[in-house]
Structure formats: structure tokens, C-alpha cells
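**Q** For reference, the sequence and a predicted model appear below.
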Amino acid sequence: MHNFTDPKQLSIGTFLGMGAPMAAEIAAIAGIDWVLLDLEHGGAGEDLVGPTVVAGMAYAMPTLVRVVSSDRIHIGRALDAGASGVMIPRIESVDQVSQVVAHMSYPPFGDRGVATYNRSAKWGRDLSGLSEKTKAACIIQIETVKALESVEAIAKIEGVDILFLGPLDLSFALGVPRDLMNPTFLKATAQVVSAAKSNHKVAGILAADATAALGLVDQGFKFIAVGSDSTLLAGAISTI
């Protein structure tokens, strides 16, 4: 399975927003490194995390999940369903990130609810994860001014694996909506990449298309989502 948390390794994925587990299978066959099921803005609910994970597992492709909020219950349900990592939106402070990290591990390391009859424990056949810190990836979104101001401190927190810059939200927050070449926005991207590198973490971002992704690689991003199932489909159709 692809190690998307390795700061030295480039990984390319895509968002899944259509609520169709089959899209994960298609993405895997096409050669993508990972998919991210979007529960914040997409059409899927928590009930589709499991089927999407299973579809990816058939091709040894990890499924990540953007949960609807940083609440303990939502993080735990995604992990119980077999997600290889969770992306947390709307994070702004070190305290919030510390709580997220705690939600991802069982006591005494954290406060994740303990259950064994789920996919993450192989339906009770593998309990090794109950006695150690989670191996699932913790992806923290940097998409507000407060998060950007705290990005260096967030990057220092043990348990954080990826700093994911949300380009649309952050550009709006910085007063330069959708102007991703604006000096103010470029300064922010450099700040996120620098914080990740100096703390041996991975810098991630969403790219509109493959061409944009190449430019982001040059900026130092290693975890890049290229569009989503719906935007890639719409783009392909529009060329007909």
C-alpha cells in the first residue's frame, strides 16, 4: 500500500464526492495512489465509508476520509470503517489539533471509543491496534487565517502527518478569492510547505488538474489531490 505520509515520496490522489464506491475502484485501476471520500462537501454519508474502503482494498489502495467535523464520534466512525486516515476541516488552533490526535487513538494514548467488531480490528481477529497509537494518517487542513498563523505550531504536534492547504477556502480567507497566483496566496503556500518540511511532515494541496499539479510539485507539495470524481468526469465530457 502506498506510503502517502513519507515526506520524500510524491503521492497523487483524488477526491470522491459523488457517493459512489465504484469510483474508488475505477480510480485504483487507473493508477491513483489514494482516494479521499469527502463527507464535508460530497454526496456520501458515513454509511458509504465501509463500501468505499472495501473497493479500494481490492487493489491495495488506501481510502482516506474527510470527516464532517473534528468531533470524536465522526473520527472514530471513519476509522472503525477502515479508513487509512482522516482529513479534518476547519481547524484553527493547536488545542483543536491536539484533541483530534487524541480522538484517533485508544486509551491511554487518546479517547477513541474501543470496539472490536469492526473493519479496523478485522472483525475481532486483529486486536494489535488496541494497545498502540493509531497508524491511521492525521491530515489537518490549513484553510483559515488562524490556521495559517498557527501552522508552524500545528506542524510540531506529534501525530500530525499531513498539512493540507485548502486553496479555495484559504484564498477567500486571505481576501484573494480563487487568485492562486496572487503574491499573498503564494506566500501562504510557501509558509505551509516550510512548516511541513522543517517538522518532517508532508505538505498537501488540491490541484484543479494535472497541469496545475506539476506546478505544485515544484513548490514542494508531496500529497496532491487532482480534482474529484465529478470534476474529472465533467472535464472529460466537456472535451467531446
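**A** Yep, that arrived. Nothing here was measured: the structure is a model prediction, and the numbers come from that model.

**Q** and the residue nearest to residue 196 when sequence neighbours are not counted, what element?
**A** Excluding the flanking residues, the one nearest residue 196 by Cβ to Cβ, 6 or more residues apart in numbering is residue 203, at 3.8 Å. Backbone N, C-alpha and C define where each C-beta goes, glycine included. In the assignment (DSSP states H and E), residue 203 maps to strand 202-207.

**Q** who's the residue nearest to residue 196 bridged to?
**A** Residue 203 has these beta-bridge partners by DSSP bridges: residue 163.

**Q** Identify each buried residue in stretch 96-111, please.
**A** Buried residues in stretch 96-111, counted by 16 or more other Cβ atoms under 10 Å: 96-97, 99-106, 110.

**Q** Endpoint to endpoint, it covers what distance?
**A** 14 Å (Cα to Cα, to the nearest Å).

**Q** who touches that stretch?
**A** Contact partners of stretch 96-111, identified using Cβ atoms under 8 Å, 6 or more residues apart in numbering, comprise 70, 72, 75-76, 79, 86, 88, 91, 112, 114, 129-134, 136, 138, 140, 154, 157-160.

**Q** helices or strands next to the strand holding residue 203 in the packing?
**A** Contact partners of strand 202-207 among helices and strands, from 3 or more Cβ pairs under 8 Å, 6 or more residues apart in numbering; DSSP states H and E: strand 162-165, helix 167-173, helix 183-198, helix 210-219, strand 223-228.

**Q** Could you say which helix or strand holds the spatially most central residue of the chain?
**A** When Cα atoms, centre = their mean is applied to the chain, the residue found nearest the centroid is residue 87 (3.8 Å). Using DSSP H and E, residue 87 sits within strand 85-88.

**Q** Touching that strand from outside, list them.
**A** Contacts of strand 85-88 (Cβ under 8 Å, 6+ apart): 4-5, 36, 62, 64-67, 70, 75, 78-79, 97, 100, 104, 136-141, 161-162, 164.
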